[in-house]
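S.K.: The following comprises the amino acid sequence and a computationally predicted model.
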Amino acid sequence: MSTSTAELLKGAAELFPGEVVTQAHVRHLDLPAGAGRFALITLDNGLDHTKPTTFGPQSLANLGAAIDQVEKEAADGTVVGVGITGKPFIFAVGADLKGVELLKRHEDALAIGKGGHEVFKRLAALAVPTFAYYNGAAMGGGVEIGLHCQYRTVSAALPAFSLPEVFLGLVPGWGGCTLLPNLIGADRAVSVVIENSLNQNKQLKGAQVRELGIADAIFEGADFLERSLSWTASVLTGELTVERAEVDRGEAWDRAVERGRQIADSKVHGAAPAAYRALDIIAAVKDGDLQAGFDAEDRALADLIMGGELRSGIYAFNLVQRRAKRPAGAPDKALARPVTKVGVVGAGLMASQLALLFLRRLEVPVVLTDIDQERVDKGVGYVHGEIDKLLLKSRINQDKANRLKGLVSGVLDKAEGFSDADFIIEAVFEEMGVKQKVFAEVEAVAPAHAILATNTSSLSVSEMASKLKNPERVVGFHFFNPVAILPLLEIVRGERTDDAALATAFGVAKKLKKSAVLVKDAPAFVVNRILTRFMGEIQNVIDEGTPVAVAERAVEPLGLPMSPLVLLELVGPAIGLHVSETLHGAFPDRFTVSRNLAAVVKAGKRGFYVHDSGKPELDPEVAALLQQGDTVLTEEQTRERVLDAVAQEIGLMLDEGVVAEAQDIDLCLLTGAGWPFHLGGITPYLDREGVSERVNGKRFLAPGVASVPA
């Protein structure tokens, strides 16, 4: 390793005190068919196979030391080739983000980029052919180290392969933006670097890695390394020639970059810089100048590390990966009761989705009830149909399909269905009287230990339980639609909910693989309260006279997954109206009921838009219904008003103790409303834009949390 690289990494190592250090072990073996002596570098952090291998400064230094050794052997002819692979099931998953959060200076961030490049480039410069064997999960820098090798193989069992940097607010900064398009062409590279990343960090499987041309060969997981080494011998002896498609460096490259910009515009609306910086680099390396690309990656990486987007992205990642697994305020899990049978009150679409989820995750008997046999049969039929779809997609086998179908049933008599159920959830019409009546009926027939859960989206859990003999076993269990996709589960503690009921609810949530957040019994809880205030202000400015298009464009800089009125269409105008009416009743000074939304619901419209042209356009019939005043705001004025309202509401929610901390607000929006990772939820954005201090006189998060340390 050169003196400059060693000094660079040594200086950077001081900034990564918590780095999980990766070792790079070199071992030698004789390749089959007399191909010669071969050096194999294995990356291993010494932890069990579920703990990912990452690259921090010390890890890069260790890899550099291993390359020092094989560099000499390659130069003097001791080895005929060098390979790199990972420990069982994991190749490597990239940079150590824990240390990145601590960086305070641009020059330190630049050192991380340059250090990775300097080490990885030495693989490409070896005097013998180099091979990467993607034996397991490979992401970010793990993918990029392989791109610096001359040849690559991939395991058919590889579960996850991606360049997720843009998703987090970075660029693939150790060769991904430069080498990948030069290997597989710009269009395919844009799909991996931009499209997949902005599509909630979509992962590739082993077969897709091969199909894209990233890997030159694919082998089954059971004997992957053995087969890869045999293939390597064939390449080195000349028995096998690896052929790759020629990269189109003409107009196709430019079209690919433009496609990437369109994808970025549709996802982040210009509000987040990472995707655009990555596309600039891809555009610039069209002529194949790799060093210019590497230098551009270093600059982009350093700029983005010192920017708010990455800090917010890392903050969001930590919330979803850590806080969601250790919910704040959850009681001792030892208090949880076993759940061996689940009852579902209702057999409509939401209830049927819940039944399917409980059935798949818990694999216990699930019974649905409703007011007539037709509804019950339809609910059970829905579950059976979804199981058949899983079977057709080979996600389950025939035996499991039969077993799951045998576990779900429907009855009219609650006593027959629920007398031995441990967990009973209602998903009936959102009206207090209806829900109280249902719970009274269920309590009369359910065993004394059974937990009674409500999927209410806005009603008081305490009031719902108030007329029961045992209100302590009632808990809010609020899912988000679509149930199978959105991870959030708001668990609501009523005034008399006991720890055993709450612990059981959290235990069930974990088995359902949901991100559970403990929420106080307050109107509309977290997500619906914030979204209703957010969307309510949009509707207010429309009612007052601002054109619909101006109001919608006003919040585009947030980079939300969809506009407010498209989201309203997804939720359903009637549900949106009901929640706004509930919140208006609770907080009439802040929540209004839009006369135009009420008119849309009364007219039976499914939303404000029609989509006949393939994009949302204001429905002429809705336009005719609109009654607007004469106060017209600009986009900037609208955005300021909306953000001020949201900041005020979050401040009040925290003062009320609706959740433990601002972090729980963000976790709810990320997992229950699809809020962008690059925002980190909502509070980092409000802090960064100065809205928090303008409205509440203080930041929601301390400096250094989702921002550059002071």
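M.R.: Sure, I can see it.
S.K.: I'd like to know how many residues surround A427.
M.R.: 27 (other CB atoms under 10 Å). Any C-beta I mention is one placed from the backbone N, CA and C, and that applies to glycine too.
S.K.: quick one, what contacts it?
M.R.: Contacts for A427 were tallied using CB atoms under 8 Å, 6 or more residues apart in numbering; they are V344, V345, G346, G348, M350, A351, L354, N455.
S.K.: Then P338?
M.R.: Shown here is P338, whose contacts under the criterion CB under 8 Å, 6+ apart are D422.
S.K.: confidence score at it?
M.R.: In this model, P338 is scored at 97, pLDDT.
S.K.: Could you check how far it is from H449?
M.R.: As defined by CB to CB, to the nearest Å, P338 lies at a distance of 9 Å from H449.
S.K.: K602 now?
M.R.: Taking CB to CB as the measure, K602 falls 45 Å from H449.
S.K.: quick one on the thing from earlier: take the contacts of A427 and keep only those in strands.
M.R.: Residues of the contacts of A427 located in strands (DSSP state E): V344, V345.
S.K.: Which single one of the contacts of A427 is nearest to S594?
M.R.: Proximity of the contacts of A427 to S594, judged by CB to CB, is greatest for M350, which lies at 24.6 Å.
S.K.: My read is that that closest one contacts N481, right?
M.R.: Yes. Look at M350 against N481 with CB atoms under 8 Å: they come within range, at 6.9 Å.
S.K.: hey, where'd the strands end up in the stretch 101-250 of the chain?
M.R.: Taking DSSP state E, counting those that start in this stretch to define them, one finds strands in the stretch 101-250 of the chain at 130-134, 137-139, 151-155, 161-162, 217-219.
S.K.: Counting by contacts, list what the last one packs against.
M.R.: Secondary-structure packing of strand 217-219 (3 or more CB pairs under 8 Å, 6 or more residues apart in numbering; DSSP states H and E): strand 151-155, helix 206-211, helix 224-237.
S.K.: out of those, which comes closest to W253?
M.R.: Taking these one by one with CB to CB, helix 206-211 is closest: 20.4 Å.
S.K.: Show residues contacting the closest one.
M.R.: Counting by CB under 8 Å, 6+ apart, helix 206-211 makes contact with Y134, V154, S155, A156, A157, L158, F161, A215, A217, I218, all of which sit outside it.
S.K.: centre of the chain versus it, how much separation?
M.R.: Using CA atoms, centre = their mean, to the nearest Å, we find the averaged C-alpha position of helix 206-211 to lie 22 Å away from the chain's own average C-alpha position.
S.K.: list the buried ones in that helix?
M.R.: G206, Q208, V209, R210 (16 or more other CB atoms under 10 Å).
S.K.: And those, which is closest to N397?
M.R.: So of the buried residues of helix 206-211, ranked by how close each gets to N397 (CB to CB), first place is G206, at 21.2 Å.
S.K.: Just put the contacts of A427 in TSV and tack on neighbour count.
M.R.: Putting the contacts of A427 into TSV (neighbours: other CB atoms under 10 Å) gives the following:
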residue	neighbour count
V344	33
V345	26
G346	24
G348	16
M350	18
A351	23
L354	24
N455	23
